[in-house]
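A.B. asks: Need coordinates for the below:
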Amino acid sequence: MPENTYIIISFSLYLLIMLAICVYFYFKTKNLSDYILAGRSLNPWVTSLSAQASDMSGWLLMGLPGYAFVAGIEAGWIALGLAIGTYINWKFIAKRLRITTEKFGDAITLPDYFEKRFNDKSRVLRMVSAIFILIFFMIYTSSGFVAGAKLFNQVFGISYQNALLIGVFIIIGYTFLGGFNAVSWTDFIQGLMMFLAVVAIPIIGIFKVDNIHQRVIEINPNFMNQFIDTDGNPLSAIAITSLLAWGLGYFGQPHILARFMAIKSADKIKKARIIAMVWVVISLAGALLVGIIGATWVTNVTRDTETIFMILINGFTHPAIAGLLLAAILAAVMSTADSQLLVTSSSLVEDFYKIVIRKNASDREQVWISRLAVLLVAISAYLIARNPNGSVLNLVSYAWAGFGAAFGPLVIFSLYWKSMTRWGALAGLISGGVTVIVLKNLSGGIFEMYEIIPGFIIACIAIVVVSKVSSALR
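C.D. replies: Numbers count the residues shown, from 1 in each chain. Below you'll find the model as predicted:
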């Protein structure tokens with residue numbers, strides 16, 4: 001049987017299962033809460049794996065291995081920062097957010113929560129939050145579309161533009177139908193598939209490549225030194241801090257925080273945290289190993305380095321197994337893009353449509369408007385993703401920093417500081433988000449520092465200062 005036939009069968013089977021789940025939940029979706037937050041009914045396994053799958057996305061199987069392929073163990077600083085950030089997010093944010101969002105009027109989106117938490121009758125805080133969600137999710141979703149296009153291009157030899165259209169069509173299809181419940185359950189399955197792929201390839205590689213460590217040293221003696229880059233230059237404190245700072249982003253990612261809000265009970269958070277940490281630590285380690293093993297297996301890569309995972313899959317496994325593992329990469333891409341589309345569309349409906357256009361819209365009308373919003377956001381993300389030279393890692397880093405700086409401090413202070421005011425919240429939101437946008441578009445940034453660091457710090461300062469000033473002026 002031709003190699004592509006195995007892969008087509010695997011992809012088709014996977015997509016049929018995802019479609020069946022979406023159709024099932026299409027008929028179970030009765031109102032906007034069902035569509036956006038699954039009626040707060042997720043169990044710990046679905047909550048944890050869907051949160052991590054939507055978190056890591058195609059970045060885990062393409063961006064991080066590609067970085068490790070060219071930079072070696074230096075990429076481990078990002079993995080360490082993400083592992084620490086994941087734990088802190090689950091430990092100190094998840095339970096409080098689940099309880100607090102239900103306490104404040106059963107809020108079902110972050111902007112809805114902010115408005116109710118700070119009693120913002122002007123609704124400015126809600127609408128500004130929605131604007132930043134729209135901006136950064138269009139960038140984030142485009143990274144998923146780029147990853148999907150690279151996958152179809154690499155596997156089937158389809159042109160990038162045609163591959164992009166196929167990926168966009170698939171992702172829109174099942175997000176449009178099923179809503180949050182379908183997205184969470186498909187993400188659960190996708191999380192298992194991603195875990196299988198990121199564990200299997202390094203294990204196979206260990207048996208395929210003799211004396212990996214020595215082979216890597218022979219290729220580049222600096223490859224396995226986390227304090228020196230591949231050219232032999234010491235990594236600066238700013239460079240290491242910037243890599244570790246990826247962990248700061250967790251506190252402001254709406255698609256991850258939505259899982260905390262949707263779990264059935266706050267008491268289930270601890271079990272979900274344990275599951276999530278096991279998944280993320282093993283998966284990050286596996287992704288690093290993929291890049292490092294890839295450096296010993298493929299010494300002359302003229303193609304996109306972010307395709308190294310696919311190259312190893314085709315080189316290490318039988319076509320039948322390769323089809324399953326390549327479907328896991330598609331799963332990784334879809335698991336994040338669908339969540340991002342859903343969160344963005346829900347924000348557009350809850351925070352714009354109901355406020356500005358139709359205050360008394362019925363639940364059925366809101367669900368359909370939310371589905372139409374999925375199409376509009378996807379089209380915008382598609383236009384950003386049309387550049388065939390786009391980097392999954394660069395697009396993710398932009399959106400990750402934006403959300404982390406704009407929403408991270410706001411979420412933390414709203415849960416832990418009772419004296420925070422709505423003016424402080426608005427100041428932190430705007431200053432954090434704008435700082436990232438401005439610095440990202442400045443050539444070279446500030447001393448090559450990751451934009452999330454100054455953005456996060458400035459937002460925290462703005463929240464504290466403006467809250468104290470506004471309280472004193474009352």
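A.B. asks: So which helix or strand of the protein has the lowest pLDDT on average?
C.D. replies: In the chain, no helix or strand scores lower on mean pLDDT, DSSP states H and E than helix 32-37, which sits at a mean of 54.
A.B. asks: Determine how far the helix or strand following that helix lies from the middle of the whole chain.
C.D. replies: Sequence-wise, the next helix or strand downstream of helix 32-37 (DSSP states H and E) is helix 44-58. For helix 44-58, the separation from the chain centroid amounts to 9 Å (computed by Cα atoms, centre = their mean, to the nearest Å).
A.B. asks: Was I right to think residue 128 contacts residue 430?
C.D. replies: Yes: when contacts are counted by Cβ atoms under 8 Å, residue 128 is listed as touching residue 430 (6.5 Å). Where C-beta positions appear, they are placed from N, C-alpha and C, glycine not excepted.
A.B. asks: These two - which one has more neighbours?
C.D. replies: residue 128 (19 against 16; other Cβ atoms under 10 Å).
A.B. asks: And that one, which helix or strand is it part of?
C.D. replies: Assigned by DSSP H and E, residue 128 falls in helix 124-156.
A.B. asks: Can you point out the buried residues in that helix?
C.D. replies: By neighbour count on 16 or more other Cβ atoms under 10 Å, the buried set for helix 124-156 is 125-155.
A.B. asks: do the same with stretch 451-465
C.D. replies: Under 16+ other Cβ under 10 Å, the buried positions of stretch 451-465 are 451-460, 462-464.
A.B. asks: what do you get for stretch 193-203?
C.D. replies: Neighbour-count burial for stretch 193-203 flags 193, 194, 195, 197, 198, 200, 201, 202 (criterion: 16+ other Cβ under 10 Å).
A.B. asks: Narrow those to those in helices?
C.D. replies: Of the positions in the buried residues of stretch 193-203, 193, 194, 195, 197, 198, 200, 201, 202 sit in helices, assigned by DSSP state H.
A.B. asks: just curious, which of those is nearest to residue 254?
C.D. replies: Nearest to residue 254 among those: residue 194, at 20.8 Å, using Cβ to Cβ.
A.B. asks: so what's the closest one up against?
C.D. replies: 53, 56, 60, 61, 283, 328, 331, 332, 335 (Cβ atoms under 8 Å, 6 or more residues apart in numbering).
A.B. asks: And for residue 49?
C.D. replies: Per Cβ under 8 Å, 6+ apart, neighbours of residue 49: 187, 188, 191, 192, 275, 276, 279.
A.B. asks: a helix runs through the first one, doesn't it?
C.D. replies: Which is residue 187. Yes: applying DSSP: H, G, I helix; E, B strand; the rest coil, one finds residue 187 inside a helix.
A.B. asks: what's the burial count for it?
C.D. replies: 28.
A.B. asks: quick one: pLDDT of the closest residue to it other than its chain neighbours?
C.D. replies: Excluding its sequence neighbours, the residue lying closest to residue 187 (Cβ to Cβ, 6 or more residues apart in numbering) is residue 50, at 3.6 Å. Note on residue 50: pLDDT of 77.
A.B. asks: Residue 50 and residue 191 touch, don't they?
C.D. replies: Yes: contact status for residue 50 versus residue 191: in contact at 6.5 Å, counting by Cβ under 8 Å.
A.B. asks: and which of the contacts of residue 194 is nearest residue 171?
C.D. replies: residue 335 (9.9 Å).
A.B. asks: and the gap between residue 108 and residue 422?
C.D. replies: Distance, residue 108 to residue 422, by Cβ to Cβ, to the nearest Å: 20 Å.
A.B. asks: Sorry, slip of the keys, the one I care about is residue 130.
C.D. replies: For residue 130, the distance to residue 422 - Cβ to Cβ - is 16 Å.
A.B. asks: how close does the nearest residue to residue 192 once chain neighbours are set aside get to residue 278?
C.D. replies: Nearest non-adjacent residue to residue 192, counting by Cβ to Cβ, 6+ apart: residue 49, 6.8 Å away. Distance, residue 49 to residue 278, using Cβ to Cβ: 10 Å.
A.B. asks: Alpha carbons of stretch 389-409, in CSV - could you do that?
C.D. replies: Written as CSV, here are the backbone C-alpha positions of stretch 389-409 (Å, rounded to 0.1, in the frame of the first residue of the first chain):
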residue,chain,number,x,y,z
ASN,A,389,7.7,32.1,5.7
GLY,A,390,5.8,32.7,8.9
SER,A,391,7.2,31.1,12.1
VAL,A,392,4.9,29.2,14.5
LEU,A,393,7.2,30.1,17.4
ASN,A,394,7.3,33.8,16.6
LEU,A,395,3.5,34.1,16.2
VAL,A,396,2.9,32.2,19.4
SER,A,397,5.5,34.3,21.4
TYR,A,398,3.8,37.5,20.3
ALA,A,399,0.3,36.4,21.3
TRP,A,400,1.5,34.7,24.4
ALA,A,401,3.3,37.9,25.6
GLY,A,402,0.2,40.0,24.7
PHE,A,403,-2.2,37.9,26.8
GLY,A,404,0.3,37.4,29.6
ALA,A,405,1.0,41.2,30.0
ALA,A,406,-2.6,42.4,29.4
PHE,A,407,-4.6,39.9,31.4
GLY,A,408,-2.1,38.1,33.7
PRO,A,409,-1.6,40.9,36.3
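A.B. asks: I appreciate the help and will end here.
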